[in-house]
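Peer 1: whatever this is, show me its structure:
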Amino acid sequence: MFEYLSYGDAGFGDELLAGSLLTLELALVSLAVGIFLGLITAAAKLSHHRVYRTVAHLYTEVVRGIPEMLVVLVVFFGASVLIQTVATWFDYNDYIEVNAFVAGVFALGLVFGAFSSEVFRGAFLAVPKGQLEAATACGMTSWQVFHRVRLPQMWRFAIPGLGNLWMVLLKDTSLISIIALDELLRWSKVAAETTKQPFTFYLAAAAIYLVLTILSDLIRNYFEVKANRGIAPHA
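Peer 2: The predicted structure is shown next:
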């Protein structure tokens, strides 16, 4: 068993390590995209403009109602079709394939953004209104109130929910193997098929995912404690 997991030509240890690093990179970039989309969508849901609210709710309902694997497939193949169509307008008829990493990031970012928008919306609403009114009474503009009062305090309410969504995102990176990106699960599958040892490599992949989620939970707990410094605990 350990021979199969060794480094070099004798085993697939180096491939599994490379796949783990790519998995982590994919998750982190998708997290950044998802947080950006989540914040924008949450702001749109809290907007006084009906059009913004409608578009935001439509986005979250559609994405949350479709299985993540289908989102990945639609983004990967749909983006290729869209780019190919636009290219034909400029008399370019060669086949264009979307980069699997970019498609994976966009797909996972879309999913994370849809779910995190509700976390952000609830966190924004949890900030005491009295503090917002006090900031306005001090002469702050709407942007200053948002940037200096609402946004910093929102994070302490959002971190627990975002931590749970990050766990889901980290494991959802395994779905990207379906579009042939060499992340952890795909390398595990290749190694299992090559050596005829599926139990060994899928167990190794499960152990790596478990380690990543445990470390993530420790990091989430650190940020949660830091965000709540100076806040009196509830009785």
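Peer 1: show the contacting residues for the nearest residue to G34 once chain neighbours are set aside.
Peer 2: Distance criterion C-beta to C-beta, 6 or more residues apart in numbering; nearest residue to G34, sequence neighbours excluded, is F112 at 2.8 Å. From N, CA and C alone the C-beta is placed, and that goes for glycine too. Counting by C-beta atoms under 8 Å, 6 or more residues apart in numbering, F112 touches 30-31, 33-35, 37-38, 165, 169.
Peer 1: point to the residue nearest the middle of the chain.
Peer 2: L31 (3.6 Å; C-alpha atoms, centre = their mean).
Peer 1: the longest helix belonging to the chain - contacts with which helices or strands?
Peer 2: In the chain, assigned by DSSP state H, the helix with the most residues is helix 13-45. With contacts defined as 3 or more C-beta pairs under 8 Å, 6 or more residues apart in numbering; DSSP states H and E, helix 13-45 has these neighbours: helix 50-64, helix 100-126, helix 151-172, helix 184-195, helix 198-227.
Peer 1: show residues contacting the worst-scoring helix or strand of the chain on mean pLDDT.
Peer 2: One helix or strand of the chain scores below all others by mean pLDDT, DSSP states H and E: helix 142-145, with a mean of 82. For helix 142-145, contacts defined as C-beta under 8 Å, 6+ apart pick out 132, 135-136.
Peer 1: which members of those occur in helices, if any?
Peer 2: 132, 135-136.
Peer 1: so how do I select the buried members of those in PyMOL?
Peer 2: In PyMOL syntax, the buried subset of the ones in helices among the contacts of helix 142-145 is picked out as below (16 or more other C-beta atoms under 10 Å):
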select buried, resi 132+135
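Peer 1: closest to M154 among the ones in helices among the contacts of helix 142-145?
Peer 2: Lowest distance from M154 to the ones in helices among the contacts of helix 142-145 (C-beta to C-beta) belongs to L132, with 11.3 Å.
Peer 1: which positions within the least confident helix or strand of the chain qualify as buried?
Peer 2: V145.
Peer 1: for it, the distance to its chain's centre please.
Peer 2: 28 Å (C-alpha atoms, centre = their mean, to the nearest Å).
Peer 1: one step back: closest to V211 among the contacts of helix 142-145?
Peer 2: Looking across the contacts of helix 142-145 and measuring by C-beta to C-beta, the closest to V211 is L132, at 41.7 Å.
Peer 1: how many residues are close by P198?
Peer 2: 13 (other C-beta atoms under 10 Å).
Peer 1: please report the distance of it from A206.
Peer 2: Per C-beta to C-beta, to the nearest Å, P198 is found 12 Å from A206.
Peer 1: again, but for L110
Peer 2: Relative to A206, and taking C-beta to C-beta, L110 is found at 26 Å.
Peer 1: which one's more surrounded, the two?
Peer 2: Using other C-beta under 10 Å, the more surrounded residue of L110 and A206 is L110, with 22 against 12.
Peer 1: which pLDDT value goes with the more buried one?
Peer 2: Here, the pLDDT recorded for L110 equals 96.
Peer 1: then L17?
Peer 2: With respect to pLDDT, L17 has a value of 91.
Peer 1: and D94, which of the three is it?
Peer 2: Under DSSP: H, G, I helix; E, B strand; the rest coil, the three-state class of D94 is coil.
Peer 1: can you give me every residue that contacts it?
Peer 2: A87.
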